[in-house]
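Participant: the following block contains a protein sequence and its predicted model.
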Amino acid sequence: MTDHGHSQQEIADRINAPPGRGVLRDVVYGGIDGSVTTFAIVAGVAGAGLSPFIIVALGLANVLADGFSMAAGNYSGTKAELDNIRRIRAVEERHIRLYPKGERAEVREILSQKGLAGQVLEDATDAITANRDNWINLMIEGEYGLGSVDPHPIKAAMATFLAFLVAGMVPLLPFLLSMDRAFETSAVMTMAVFFAIGALKSRWSLSPWWRSGFETFVIGGAAALMAYFVGSLFHP
C-alpha cells in the first residue's frame, strides 16, 4: 500500500488532483503482447526450420507494425471511452435543465445509498445540486459507474507502443547478435520477461510477486508452445 500524509493540505492536494487510472494496464498489456507475439513468430519460424534472417525480418516487422497497430487501437478505444464520458455529461446537462426535480431525486438516492439520511441527506443534496459541475460529476459516478478523471488517449497509446517495443525486442536479440543456440536463448530470455512483467505487476496488487510472475509465465509460455507446435507442422 502507498503511504501518504494526512495533513489538511496534503489531503486537499491529493483529492483535488487524483492520479486517475494511470498507464499500468497499458504497459502490462503492451509488454505481454509484445513478448508473446514476437516470440510466437520466432517459435513458429524456428519450428518450421527457416533461417535466422527470416526470423529477424519477420520479428522486426511484427514489433513495429503490430506495436503501432496496438497503440493505434488503444488510442481509438481510449478516445471512444472519453467521447462516451463527454456524451453522458452532455446528456446529464440536458436532463438537469429539463428535469431538475427528477435529477435532484437521483442525487438524493445516490447519497442515500452512501449512508446519508434525515436532515443530513437533505442538506447534502442541496449542497451538491447547488453546483452544476459537482452535480454532473456525482451523476456520472453514481448513475453510470464511471470515474470522474478522464482517460488520456495519447498517453495510453504511447505507453502501449513503448512497452510492446521494449518487450518485443527481447526474443530477437539472440538472433540479432548471432548467438549460438539462439532459439534456446531467446526462449529463456522471453520466459524471463514474462515472469518479470508479472512480478512487477504484483506491486499494484495483493498477490505475492512470485504468484503473479508465475501466472504471466504460464500464459506467455502456453502461447509460445502453441506457436512452436504450429510451426513444427510445416517443418520440411
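Facilitator: Everything's here; your move.

Participant: ok, then the element right after the lengthiest helix in the chain?
Facilitator: Scanning the chain for the helix with the most residues, using DSSP state H, yields helix 67-98. The first helix or strand that comes after helix 67-98 along the chain, using DSSP states H and E, is helix 100-113.

Participant: now the angle from that following helix to helix 67-98?
Facilitator: Relative orientation of helix 100-113 versus helix 67-98 (axes from the mean of the first three to the mean of the last three C-alpha atoms, to 10 degrees): 120 degrees.

Participant: list the contacts of the residue nearest to Ala227 when sequence neighbours are not counted.
Facilitator: Once flanking residues are discounted, Ala227 sits nearest to Ala40: 3.6 Å by C-beta to C-beta, 6 or more residues apart in numbering. Where C-beta positions appear, they are placed from N, C-alpha and C, glycine not excepted. Listed by C-beta atoms under 8 Å, 6 or more residues apart in numbering, the contact set of Ala40 reads 223-224, 226-227.

Participant: now, of those residues, which are buried?
Facilitator: 223-224, 227 (16 or more other C-beta atoms under 10 Å).

Participant: okay, and which of the residues you listed map to helices?
Facilitator: Residues of the buried ones among the contacts of Ala40 located in helices (DSSP H): 223-224, 227.

Participant: out of those residues, who's nearest Phe53?
Facilitator: Ala227 (19.0 Å; C-beta to C-beta).

Participant: now stretch 102-114: buried residues?
Facilitator: Buried residues in stretch 102-114, counted by 16+ other C-beta under 10 Å: 103-104, 106-108, 110-111.

Participant: which residues touch that stretch?
Facilitator: So stretch 102-114 is contacted by 92, 95-96, 121-122, 124-125, 128-129, 135, 138-139, 142-143 (C-beta under 8 Å, 6+ apart).

Participant: and it, average pLDDT?
Facilitator: On average, the pLDDT along stretch 102-114 is 94.

Participant: still on that earlier bit, for Met179, state which of the contacts of Ala40 is nearest.
Facilitator: Nearest to Met179 among the contacts of Ala40: Ala224, at 18.4 Å, using C-beta to C-beta.
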